[in-house]
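Enquirer: Sequence first, then the predicted structure, then my questions.
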Amino acid sequence: MSEVGKITFTPLGGGQEIGANSYLLGLDGHRILLDCGVHPKKEGVEALPDFSLLDRPPDAVFISHGHVDHCGGLPRLLKLFPNTTSYATAATVRIMDRMLHNSVAVMKILVQERGIRDYPLYSHDDVDQAIDQTVGMPYDEPFVLQEAGETSSTLHHAGHVLGGASVLLRAQGHTLFYTGDICAADQELLSGRTVLDPSVGIDTLVIESTYGADAEADESRYDEEIARFSKGVTAVLERGGVALVPSFALGRTQEVLNIIARLQETGRIPEAPVLSSGLGRAIYEVYRRFPDYLRSDANLRPLRQFGRVGDVWNVKKVRALLRRPAIIVATSGMMVENTPSALIAQEMVRDPRHGIFFVGYLDPDSLGFRLLNAQPGVALRFQLGKSPVGVALEDIQWFCFSAHAPRQALRDIVNRLQPRKNVVFVHGDQEAVGWMYDNAGNGCRRFAPATGETVTLGD
């Protein structure tokens, strides 16, 4: 696959899907990889980006942020190409350290639980090596990629999670801007993305499309969602129940814990114990190490303010948790089977006193999505190898606290930046990418490549 003399773009994953997000950019004869994740709905080597499309090492890799669908394949990539350097913000490097070591531990468990022969895809030593080969860079300071023919790059605050970055690349005759995952609005702890000045002169814009098919997200307002959330949690606590908030370990957990703390401090939610689970607590400590990445007015409470959930595999302990009013923030955000949120919900759904409140993206194939849309009395399986449990709980709600920009905000970004040549839509299912393709553009060429499909962006 030669790209000397032209500019090409190939998704190794994440083309017309949200999965093993990884995009190969051929730029002035050099190769730069944008992200290197694993697919959350696939297992073993099939969860990795399609590395067979790489017939030689990338000259450099950029990791936009620490969610595993963007960084979880990096240790495997660097085992294949050990002399490759990757770049991310300093906060993302520290987050990846926690997330990737956790991934190794989870893969070892899956070997025992499901007999997945490919796992683990890499070892703890491989993670350490990948972290050592990732250079932590500051925001807004251009630097030159010596390994990529003097291509220059700048990382810009993306507003998604701590350390999340959009990537600006300048090669001779072409400027490309990769948004990564972005949030345009302020959150509890993080400000919205840095607004890039259109005078930068973008030739190609590569933009996420996560909520392209979701008209409801366009209508949501943060303050209104907070008000709905506080009302819902209050109702659960006042009837003696427990409010479970499934949350992603990175980003949602830290945001939601501090939202709850603020609501309790201002009397909008009754006083009750607030508990959180393992990896989310580890990432919380990284947030504390990087206060300069947070909003200037952010109030990041001490982690000791929030209790630990404890052993969710012990049914007696879970049932003990549910005897008194409490708020539990637990992974995973989509309630994947066998995770803390699923194991707690397995007991909760038997009792209508409780409530379950989802606060982020739910894949249509996830347990969380099925539970949110379940009819009363339906039986769902929360733990692999166990019998389905009948759902008596009716107070199951979704709140738009997502850190992904809604589709109108994405369209505004395209219109504001006015890319001169191309806009490429990635990181969305076919319906979402299709809406963006049809409704976001300024007359330039538009692309929505599938995984493995190469498009030419310029000569």
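Expert: Now that the structure is in, tell me what you want to look at.

Enquirer: Only C-alpha atoms from now on, for both contacts and neighbour counts.
Expert: Noted.

Enquirer: partner residues bridging residue 390?
Expert: Counting by DSSP bridges, residue 390 forms beta bridges with residue 379.

Enquirer: In terms of pLDDT, where does it sit?
Expert: According to the prediction, residue 390 has pLDDT 95.

Enquirer: my guess is it contacts residue 374, does it?
Expert: No: Residue 390 is not in contact with residue 374 according to CA atoms under 8 Å; the separation is 10.3 Å.

Enquirer: Helices along the stretch 101-250 of the chain, start to end?
Expert: 124-132, 215-219, 222-238 (DSSP state H, counting those that start in this stretch).

Enquirer: pLDDT below threshold where in the chain?
Expert: 1-5 (pLDDT under 70).

Enquirer: Okay, domains of it per the record?
Expert: Domain ranges of the chain: 7-215+403-458, 221-398, per automatic domain parsing.

Enquirer: is it possible to export those domains to JSON lines including mean neighbour count?
Expert: Compiled in JSON lines, the domains of the chain are given as follows (neighbours: other CA atoms under 10 Å):
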{"stretch": "domain 7-215+403-458", "mean neighbour count": "21"}
{"stretch": "domain 221-398", "mean neighbour count": "19"}
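
Enquirer: Okay, and the beta partners of residue 246?
Expert: residue 330.

Enquirer: Confirm for me that it is in contact with residue 333.
Expert: Yes: using CA under 8 Å, residue 246 is in contact with residue 333, at 4.5 Å.

Enquirer: which residues do the two both contact?
Expert: The contact sets of residue 246 and residue 333 overlap at 341, 358, 359 (CA atoms under 8 Å, 6 or more residues apart in numbering).

Enquirer: Among the residues you listed, which are located in strands?
Expert: Assigned to strands by DSSP state E, the following of those qualify: residue 358.

Enquirer: of all the shared contacts of residue 246 and residue 333, which comes closest to residue 220?
Expert: For these, the minimum distance to residue 220 (CA to CA) is 12.5 Å, reached by residue 359.

Enquirer: Need the phi and psi values for the closest one.
Expert: Residue 359 has phi and psi values of phi -130, psi 10 when expressed as degrees, to the nearest 10.

Enquirer: Now do it against residue 276, distance only.
Expert: Between residue 359 and residue 276 the computed distance is 15 Å (CA to CA, to the nearest Å).

Enquirer: same check, this time on residue 14
Expert: Residue 14 sits 31 Å away from residue 276, going by CA to CA.

Enquirer: ok, now residue 248?
Expert: 11 Å.

Enquirer: Common neighbours of those two, please.
Expert: Common contacts of residue 248 and residue 276, defined by CA under 8 Å, 6+ apart, comprise residue 330.

Enquirer: Give me the distance between the most centrally placed residue in the chain and residue 281.
Expert: Note on the chain: the residue nearest the mean C-alpha position is residue 67, at 4.5 Å, using CA atoms, centre = their mean. To residue 281, residue 67 is 15 Å away according to CA to CA.

Enquirer: quick one: the strands in the stretch 251-400 of the chain?
Expert: Assigned by DSSP state E, counting those that start in this stretch, the strands in the stretch 251-400 of the chain fall at 274-276, 307-308, 326-330, 355-358, 379-380, 389-390, 396-398.

Enquirer: give me the number of residues near residue 218?
Expert: Residues within reach of residue 218, counting by other CA atoms under 10 Å, total 15.

Enquirer: List the contacts of the nearest residue to it once chain neighbours are set aside.
Expert: Excluding the flanking residues, the one nearest residue 218 by CA to CA, 6 or more residues apart in numbering is residue 406, at 5.5 Å. With contacts defined as CA under 8 Å, 6+ apart, residue 406 is in contact with 210, 211, 212, 214, 217, 218.

Enquirer: make it 6 Å
Expert: Applying CA atoms under 6 Å, 6 or more residues apart in numbering to residue 406 gives the contacts 211, 217, 218.

Enquirer: same check, this time on residue 91
Expert: For residue 91, the contact set (CA under 6 Å, 6+ apart) comprises residue 163.

Enquirer: Dihedrals phi and psi, it?
Expert: With angles defined as degrees, to the nearest 10, residue 91 sits at phi -70, psi -40.

Enquirer: and the gap between it and residue 165?
Expert: 10 Å.

Enquirer: again with residue 16
Expert: Per CA to CA, residue 16 is found 21 Å from residue 165.

Enquirer: Setting the sequence-adjacent residues aside, check what's closest to residue 153.
Expert: Leaving aside its sequence neighbours, residue 153 sits nearest to residue 169 (CA to CA, 6+ apart; 4.6 Å).

Enquirer: How about residue 151?
Expert: Leaving aside its sequence neighbours, residue 151 sits nearest to residue 171 (CA to CA, 6+ apart; 4.8 Å).
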